[in-house]
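**Student:** got a sequence here, can you model it:
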Amino acid sequence: MTASTLPLTTRPAWKALEAHHRTLRDVHLRALFATAPPSAERFTAEGAGLYLDSFSPLAISIDRSGAILLRLLRSRHQPMGNDAQRRFGRDSTTADVLAGIELRGKVVLVTGASGGLGGETGRALAEKGASVTLAARDVAKGQQVAEAIRGAHPDAKVEVMALDLTSPASIRRFAAEFLARRPALHVLVNNAGVMACPLARTPEGYELQFATNHLGHFLLTGLLAPALRAGAPARVVSVSSSGHRLSPVVFDDIHYERRPYDKWQAYGQSKTANVLFAVELDRRLVSAGVRANALHPGAIVTDLGRHLSQEDIAALASRTPGGKGFQWKTIPAGAATAVWAATAPELEDRGGLYLEDCQVAAPKESEDQLAGYERYAVDPVAARRLWSASEGMVGETF
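**Tutor:** Below is the predicted model:
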């Protein structure tokens, strides 16, 4: 029985498949046309439990009887082979996702590592043998984290370096020193951030949440790109939040120069920027063997919420879909998705994704849905626009 092979990379190819839609027996296909350009058409193979898109090398074979055969070479959205047997969820911890993982010889950098999720991320990766740099604005707190790691694991390779993500000078100084000592970098976890703080601006006039959560990491990652390329295959992990649902990036007034300041909206904008940054970074560096993904860690009580009152927390809970509030996680569970993003064999050669609960998330389908992401957060056009705008703000082209 002969077959013709159609690579699903063009709209005509999809139409050819669609024409045979009703002949499917083992796998049912349905189109999922998102707001992205035609090149990003997506569909699911529901019967096989796969989520595929046109960025995945997929061949559709149609034999003479009209049956359709799928030949999947690599999917962005589904674990393959033996790795597919690893299953994690909301309560999975860093220990769970690192079971059986060996990181000796890997160089890792974690920002915002003076405690909380960053400290746990650094601890978990160092425990598995990675050489970990904890970047922290408060170096004394960072040293406490490092000492605790060494106390539990005397052979752990961990160091602390000063980094203030609101200061371009600090970022450039950090990058220069890091590159001099570490010419290759295998994992960069952009974890640092602030949340819902009162209106404040950097010396450059940039709104503080956007400057800290996005711009600082944008500049840092751009400066460290040579080390990431040298360490390929390498990964960049962008710690975002479900809070990205609170606002897209408002390109006409990112820094609240003409609109009233809303601390939650500003936080949401910065978290959307984290996802868009991962999308565009992955597109730019994939050919160099560097992949980038963004994630929602979950709701965790850490120092990130130091600006929040009980009224603030109640107000945020009321903004969750359906006003359902939060499902709280422990710190080891909260850091698990970042650690999974940094190390999971399931994510090899996959990027531009939004992750949550140690899984690849899907777009939201309804307003009251707690899980999933807003489509504007992965819009490739917005991602490129943000990249260009960010280069203008930091005064450097990457």
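
**Student:** can you give the domain ranges for the chain?
**Tutor:** Per automatic domain parsing, the structural domains of the chain span 3-78, 85-394.

**Student:** could these be laid out in JSON lines, adding mean pLDDT and mean neighbour count?
**Tutor:** Quick note: C-beta positions are derived from backbone N, CA and C, even for glycine. Rendered in JSON lines, the data for the domains of the chain read as follows (pLDDT from 0 to 100; neighbours: other Cβ atoms under 10 Å):
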{"stretch": "domain 3-78", "mean pLDDT": "36", "mean neighbour count": "15"}
{"stretch": "domain 85-394", "mean pLDDT": "94", "mean neighbour count": "20"}
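
**Student:** now do the contacts for the spatially closest residue to G112 that is not a sequence neighbour.
**Tutor:** Setting aside the residues directly before and after it, G112 is nearest to A192 in space (Cβ to Cβ, 6 or more residues apart in numbering), at 2.8 Å. By Cβ atoms under 8 Å, 6 or more residues apart in numbering, the residues touching A192 are 111-113, 118, 135, 137, 163, 165, 212-213, 216-217.

**Student:** kindly recompute the last result at 10 Å.
**Tutor:** 110-114, 116-118, 135-137, 163-165, 212-213, 216-217, 220, 239, 304 (Cβ atoms under 10 Å, 6 or more residues apart in numbering).

**Student:** now swap in A234 and tell me
**Tutor:** Residues near A234 by Cβ under 10 Å, 6+ apart: 106-107, 184-188, 224-225, 227-228, 285, 288-292.

**Student:** and the gap between the most centrally placed residue in the chain and Y376?
**Tutor:** With distances taken as Cα atoms, centre = their mean, A294 lies nearest the centre of the chain, 0.9 Å away. From A294 over to Y376 the distance is 13 Å, taken as Cβ to Cβ, to the nearest Å.

**Student:** overlap of the contact sets of these two?
**Tutor:** Taking Cβ under 10 Å, 6+ apart as the criterion, A294 and Y376 both touch 244, 272, 275-276.

**Student:** closest to A299 out of the residues you listed?
**Tutor:** Nearest to A299, judged by Cβ to Cβ, of the shared contacts of A294 and Y376 is H244 at 14.1 Å.

**Student:** was I right about the closest one contacting F277?
**Tutor:** No - using Cβ atoms under 10 Å, H244 is not in contact with F277; the gap is 11.6 Å.

**Student:** between the two, which contacts overlap?
**Tutor:** A294.

**Student:** so who does the closest residue to F398 other than its chain neighbours touch?
**Tutor:** Spatial nearest neighbour of F398, chain neighbours left out: G222 (3.8 Å); criterion: Cβ to Cβ, 6+ apart. By Cβ under 10 Å, 6+ apart, the residues touching G222 are 171, 175, 281, 387, 390-391, 394, 396-398.

**Student:** and A176, what does it touch?
**Tutor:** A176 touches L223, counting by Cβ under 10 Å, 6+ apart.

**Student:** state whether it is indeed within a helix.
**Tutor:** Yes - counting by DSSP: H, G, I helix; E, B strand; the rest coil, A176 is found in a helix.

**Student:** from T93, how far off is the closest residue to T397 other than its chain neighbours?
**Tutor:** Nearest residue to T397 in three dimensions, chain neighbours excluded: E391, at 5.2 Å (Cβ to Cβ, 6+ apart). E391 sits at a distance of 38 Å from T93 (criterion: Cβ to Cβ).

**Student:** show only the entries of the contacts of A234 found in strands.
**Tutor:** 107, 187-188, 290-292 (DSSP state E).

**Student:** of the residues you listed, which is the nearest to A200?
**Tutor:** Using Cβ to Cβ, these come closest to A200 at L188, 26.1 Å.

**Student:** mind listing the residues bridging to the closest one?
**Tutor:** Beta bridges link L188 to L109, V236, judged by DSSP bridges.

**Student:** oh, and call the first residue 441 from now on, that's how I've got it
**Tutor:** Renumbered: residue one is now 441, and that last one reads L628.

**Student:** that one reaches V679, doesn't it?
**Tutor:** No - if you go by Cβ under 10 Å, L628 and V679 don't touch, sitting 11.2 Å apart.

**Student:** overlap in contacts of those two?
**Tutor:** Shared contacts of L628 and V679 (Cβ under 10 Å, 6+ apart): 550-551, 657.

**Student:** how about the secondary structure of A586?
**Tutor:** Three-state call for A586 (three-state DSSP): helix.

**Student:** just checking, V598 is part of a helix?
**Tutor:** No - using three-state DSSP, the assignment for V598 is strand, not a helix.

**Student:** next one: it from R563, what distance?
**Tutor:** With Cβ to Cβ as the criterion, V598 and R563 are 8 Å apart.

**Student:** and for the two, which residues touch both?
**Tutor:** Common neighbours of V598 and R563, counting by Cβ under 10 Å, 6+ apart, are 550, 553, 572, 574, 585-586, 588-589.

**Student:** now, the most widely separated pair of those?
**Tutor:** For those, the farthest-apart pair by Cβ to Cβ is V550 and A588; their separation is 14.4 Å.

**Student:** tell me which strands and helices the strand or helix carrying A718 is in contact with?
**Tutor:** Applying DSSP states H and E as the criterion places A718 in helix 703-725. Here helix 703-725 touches strand 627-630, helix 648-650, helix 656-670, strand 674-679, strand 730-736, helix 750-759, strand 794-796, helix 820-834, going by 3 or more Cβ pairs under 10 Å, 6 or more residues apart in numbering; DSSP states H and E.

**Student:** looking at the ones you listed, spot the one closest to A802.
**Tutor:** Of the helices and strands packed on helix 703-725, nearest to A802 by Cβ to Cβ is strand 794-796, at 8.8 Å.

**Student:** partner strands of that closest one, with direction?
**Tutor:** strand 730-736 (parallel), strand 799-800 (antiparallel).

**Student:** so what strands line up beside the helix or strand following the longest one?
**Tutor:** Proceeding N to C from strand 730-736, the next assigned helix or strand is strand 739-740, under DSSP H and E. Strand 739-740 pairs in its sheet with strand 768-769 (parallel), by DSSP bridges.

**Student:** gap between the partner strand and the chain center?
**Tutor:** 19 Å (Cα atoms, centre = their mean, to the nearest Å).
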